[in-house]
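# Predicted structure and sequence below. I'll ask about it afterward.
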Amino acid sequence: KNEVEQSPQNLTAQEGEFITINCSYSVGISALHWLQQHPGGGIVSLFMLSSGKKKHGRLIATINIQEKHSSLHITASHPRDSAVYICAVRFLFISNFGNEKLTFGTGTRLTIIP
Amino acid sequence: EAGVTQFPSHSVIEKGQTVTLRCDPISGHDNLYWYRRVMGKEIKFLLHFVKESKQDESGMPNNRFLAERTGGTYSTLKVQPAELEDSGVYFCASSKELDRGREQYFGPGTRLTVT
């Protein structure tokens, strides 16, 4: 079964702390997405990864294809980072033609306290 | 460039009624996806259009759900008749080309409440 697991489910931290959210998946993928959803807001794509590491501002995403694991890091966290962070993957099939659908983790609810 | 838009943002209907959700993808995006999140669960795939054709509808829960994309532009998702378990947030996303690495852009979602 193709699954995506995220941890932790909930995370509360003080402003300024370094945050790590983890995502593991069960079988090979062609791409992994990190998404953000603020309360009452829509979904925003933060990163799309297929290997290595990407950085955007205070956000860093890494992926280890061999270990089937990705992490999202937030440096110098701020209350405005409070949101649900979602990992989503595109599983790799024998034929990927037309197989664009994403499989989502349950999300990590992050709360940053001032 | 305008993003993916969805209408309505909220809908409250009674069990047994019909509701139609609309998604307007980013202009020029051939791929359109419908997803939904029901209470307490992860977001799940419903179906994928390439232009006006249904590429993958493996996630559609049952025949009360009908999706269309006439002309390959906007899409509608009709639920008829609605049941309580259909309550949730319905997201639409679009991407430009059929490429296994292509990023999907999400709309703000439609929150559907069936009472």
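Cool, the structure landed. Numbering: from 1, shown residues only, chains lettered A, B, ... in the order given.
# The residue nearest the centre of chain B bridge partners, please.
The geometric centre of chain B, computed from its C-alpha atoms, lies nearest to B:Trp34 (Cα atoms, centre = their mean), at 3.2 Å. Beta bridges link B:Trp34 to B:Leu47, B:Cys92, judged by DSSP bridges.
# what's it in contact with, if anything?
B:23, B:45-48, B:67, B:75, B:77, B:90-92 (Cβ atoms under 8 Å, 6 or more residues apart in numbering or on different chains). Every residue, glycine included, has its C-beta placed from N, CA and C.
# A:Pro8 versus that one, what's the distance?
Using Cβ to Cβ, to the nearest Å, we find B:Trp34 at a distance of 29 Å from A:Pro8.
# all strands in the chain, in order from the N-terminus.
Because you didn't say which chain, this covers chain A. Using DSSP state E, the strands of chain A run over A:4-7, A:10-14, A:19-25, A:29-37, A:43-49, A:52-56, A:59-64, A:69-74, A:83-91, A:103-104, A:108-113.
# Can you look at chain B instead?
B:5-7, B:10-13, B:19-24, B:31-37, B:44-50, B:53-56, B:65-68, B:75-79, B:88-95, B:105-106, B:110-114.
# The shortest one pairs with which strands?
Here the strand partners of strand B:105-106, with direction, are listed using DSSP bridges: strand B:88-95 (antiparallel).
# Could you dump the strands of chain B into CSV with distance to A:Ile21 and mean pLDDT added?
Formatted as CSV, these follow (distance: least, Cβ to Cβ, whole Å; pLDDT from 0 to 100):
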stretch, distance to A:Ile21, mean pLDDT
strand B:5-7, 27, 96
strand B:10-13, 29, 97
strand B:19-24, 28, 98
strand B:31-37, 18, 95
strand B:44-50, 20, 94
strand B:53-56, 29, 91
strand B:65-68, 32, 97
strand B:75-79, 31, 98
strand B:88-95, 20, 94
strand B:105-106, 19, 92
strand B:110-114, 25, 96
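# Residues of chain A that sit close to chain B?
Residues of chain A that fall close to chain B, judged by Cβ under 8 Å from any Cβ of the partner chain: A:4, A:30-31, A:33, A:35, A:41-45, A:48, A:50, A:86, A:88, A:90, A:96-107.
# Thank you, goodbye.
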